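[1] no letters, just coordinates:
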């Protein structure tokens, strides 16, 4: 059973807000005191703000914990307390193990020193011995891609070079515990992909990691456990998919379900839209789905005047606004048949391992094709998120980087193998299939 390496008990952090008044020169202060002597006795109000309130949790050895929440939720403040950069107002945090922190990329670098000197300086700040740093030095420099400039003062580095080297130092030195705050929000696209891949390696090495990021896909891939902060408090702590679902439910501009009950519902005197929702196979409505799960899109509508052939259809768009696909109801019961008045629930099923990870918007419509007539087309009716991970039978496999594409099908692969050295017998063919 893994031992507890981080224990946080009742931590709270209070800050004083507002600006301090400038008192000016001594002669000015004396003049004000003579003109308004009672002002010296008048107490000045102090405004305070609790960035964290009663935070308690444990982290086991080798656990990878993700911290998510809106800006100002207290995530960075919590990491700074754990890294001993700032003290809590109340409570305490007990940590067992050598800690490495990547809270602000480049913290601890000296602009007048060369890249080589800063690697050793930053490594020493992180608690590494000189031999340990030397053993990792070539790997750090290669990752940062600054071999030609390693003996140049970092004040002459571009911002990209500076960031790459700082990240490489923190990510490669072997601390037992690593705190990471929003490193994937800096640098160019290729650097971010490289960072994500390295974080995947770190997470699989058995090191204890607390990872803060607004990158939903990155947190989902790297962190089996997730903690949601809001207003300085822990509002959810558990499996990443469940916690991420709760977070997205509160953050998405479009929810996973919408209903219309009045006469202003989309439609006309023939048909009106009553609800659109995304759900799992067991009927649970959710904003986030594991990439391997089938997703059902329900279109609920009332036929007010029977006798027309009606075709419900669903349009799926990704976060770039690209049309992923359009699907039209092909239910044989009602395909090309007039529908009598009543309520209908048409469900389009998107198979698991089909959509790529990311955010999606859903348009819902009902159309008559002969003659052509759009009875309603509700744009961006609902939204949902598809999230992926490196465990299980996802097409991602063990790769933690970015996989491009609008769809991500899990295709069948076949391999034929012929041994290089035979013994004169018939060559055996090994066939491996993945469904």
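    In hand now; what should we look at? Here the structure is a predicted model, which means the values were calculated and not measured. Residues are numbered from 1 along each chain as shown.
[2] drop to CA atoms for contacts and neighbour counts, all remaining ones
    Noted.
[3] which is the next helix or strand following the strand ranked longest in the chain?
    Counting by DSSP state E, the longest strand found in the chain is strand 372-387. The C-terminal neighbour of strand 372-387 among helices and strands, as given by DSSP states H and E, is strand 413-417.
[4] what are the pairing partners of that following strand, and which direction each?
    Here strand 413-417 is paired, per DSSP bridges, with strand 430-434 (antiparallel).
[5] give me the mean pLDDT for stretch 70-83.
    Stretch 70-83 carries an average pLDDT of 87.
[6] about what we covered before: which strands and helices lie in contact with the longest strand of the chain?
    If you count contacts as 3 or more Cα pairs under 8 Å, 6 or more residues apart in numbering; DSSP states H and E, strand 372-387 packs onto helix 216-222, strand 257-259, strand 271-279, strand 288-290, strand 358-369.
[7] between strand 271-279 and the last one, find me the angle.
    To tie it back to what came earlier, the one meant is strand 358-369. 150 degrees (axes from the mean of the first three to the mean of the last three Cα atoms, to 10 degrees).
[8] how far off centre is strand 358-369?
    Strand 358-369 sits 26 Å away from the centroid of its parent chain (Cα atoms, centre = their mean, to the nearest Å).
[9] please point out which parts of it sit buried.
    358-367 (16 or more other Cα atoms under 10 Å).
[10] who does it pair up with?
    Here, using DSSP bridges, strand 358-369 pairs with strand 311-318 (antiparallel), strand 372-387 (antiparallel).
[11] thinking again about what came up before, turn the helices and strands packed on strand 372-387 into CSV, including distance to residue 109 and mean pLDDT.
    Below are the helices and strands packed on strand 372-387 laid out as CSV (distance: least, Cα to Cα, whole Å; pLDDT from 0 to 100):
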stretch, distance to residue 109, mean pLDDT
helix 216-222, 27, 74
strand 257-259, 49, 92
strand 271-279, 49, 95
strand 288-290, 40, 88
strand 358-369, 36, 91
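[12] can you redo these as CSV with distance to residue 207?
    Formatted as CSV, the helices and strands packed on strand 372-387 follow (distance: least, Cα to Cα, whole Å):
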stretch, distance to residue 207
helix 216-222, 12
strand 257-259, 40
strand 271-279, 36
strand 288-290, 25
strand 358-369, 28
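[13] closest to residue 153 out of those?
    Among those, helix 216-222 comes nearest to residue 153, with 32.9 Å by Cα to Cα.
[14] how distant is whatever helix or strand residue 299 lives in from the center of its chain?
    Assigned by DSSP H and E, residue 299 belongs to strand 295-303. The chain centroid and the centroid of strand 295-303 are separated by 30 Å, computed with Cα atoms, centre = their mean.
[15] equivalent analysis for stretch 359-373, please.
    32 Å.
[16] for stretch 346-357, same thing?
    How far stretch 346-357 lies from its chain's middle: 21 Å, per Cα atoms, centre = their mean.
[17] now do the buried residues in it.
    Buried-residue list, stretch 346-357, by 16+ other Cα under 10 Å: 346-349, 352-357.
[18] also stretch 80-95?
    80-83, 87-88, 91-93, 95.
[19] domains for this protein, by residue range?
    4-250, 257-387 (automatic domain parsing).
[20] what about the stretch 201-350 of the chain, any weak spots by pLDDT?
    For the stretch 201-350 of the chain, residues meeting the criterion pLDDT under 70 lie at 217, 248-254, 320.
[21] just checking, what packs against the strand holding residue 299?
    strand 271-279, strand 342-350.
[22] adjacent strands (with direction) for that strand?
    By DSSP bridges, strand 295-303 pairs with strand 271-279 (antiparallel), strand 342-350 (antiparallel).
[23] how about residues contacting that strand?
    270-281, 289, 312, 314, 339-352, 364 (Cα atoms under 8 Å, 6 or more residues apart in numbering).
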